[in-house]
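Enquirer: Sequence first, then the predicted structure, then my questions.
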Amino acid sequence: MMDHILNRPAGLCLALLVFFTGTSAIAAPVRNKVLEEVTLQQDNGQPVLDIQLSFVFSYLGHFPLDEGRELRIRLKPVRVAPSDRKSVFARESLTPVNAADFAIDEVVYEGDVKEGPRLTIYFDHPVHYHVVPDADYRGIKIFLDPSD
């Protein structure tokens with residue numbers, strides 16, 4: 001029966017369509033991004049910049065320690081999915097909604113710097129902050145001084 005269907009051009013096209021559609025449904029997703037989500041939230045009246053990454057990382061430190069116009073956070077990728085490996089060495093940026101209300105210009109992931117991957121947060125003016133890596137090793141919270 002199948003031989004009879006495949007001998008017809010329409011049947012062959014249909015069989016190929018079913019085969020390729022079924023195959024592509026199980027293919028791995030292509031993401032190629034590191035910054036999964038960058039949001040501003042409130043925690044008891046204090047603004048918090050929440051940065052979620054697409055890979056597991058180690059937090060190596062940040063500079064300046066508690067105030068600046070630019071905050072650099074050093075990261076070390078620990079576990080990266082095959083679909084994300086190229087993005088670890090790339091550069092991308094996001095600006096959260098309402099960023100201007102909290103003096104944030106931009107959040108930049110820089111995977112192409114000599115010292116290794118880092119996040120850089122640019123502010124409009126010097127801001128006091130407190131940096132806390134998430135317990136799941138996929139995010140960082142930056143608590144901002146509401147008076148800045």
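Expert: Here it is on my side, so go on. Numbering: from 1, shown residues only.
Enquirer: Low-confidence ranges, the protein, go.
Expert: For the chain, the stretches with pLDDT under 70 are 1-31.
Enquirer: Have a look at it and report its longest strand.
Expert: Looking across the chain with DSSP state E, the single longest strand is strand 118-133.
Enquirer: Work out the gap between it and the centre of the chain.
Expert: 17 Å (C-alpha atoms, centre = their mean, to the nearest Å).
Enquirer: mind listing what that strand pairs with, with the direction of each?
Expert: strand 67-79 (antiparallel), strand 104-110 (antiparallel), strand 139-144 (antiparallel) (DSSP bridges).
Enquirer: Tell me the buried residues in that strand?
Expert: Using 16 or more other C-beta atoms under 10 Å as the test for burial, strand 118-133 gives 118-119, 121-123, 127, 129, 131, 133. Backbone N, C-alpha and C define where each C-beta goes, glycine included.
Enquirer: mind listing the helices for the protein?
Expert: Counting by DSSP state H, one finds helices in the chain at the ranges 2-6, 9-24.
Enquirer: check contacts around the residue nearest the centre of the chain.
Expert: Computing the C-alpha centroid of the chain and ranking residues by C-alpha atoms, centre = their mean puts Leu35 first, at 1.4 Å. By C-beta atoms under 8 Å, 6 or more residues apart in numbering, the contact set of Leu35 is 51-54, 92-94, 107, 109.
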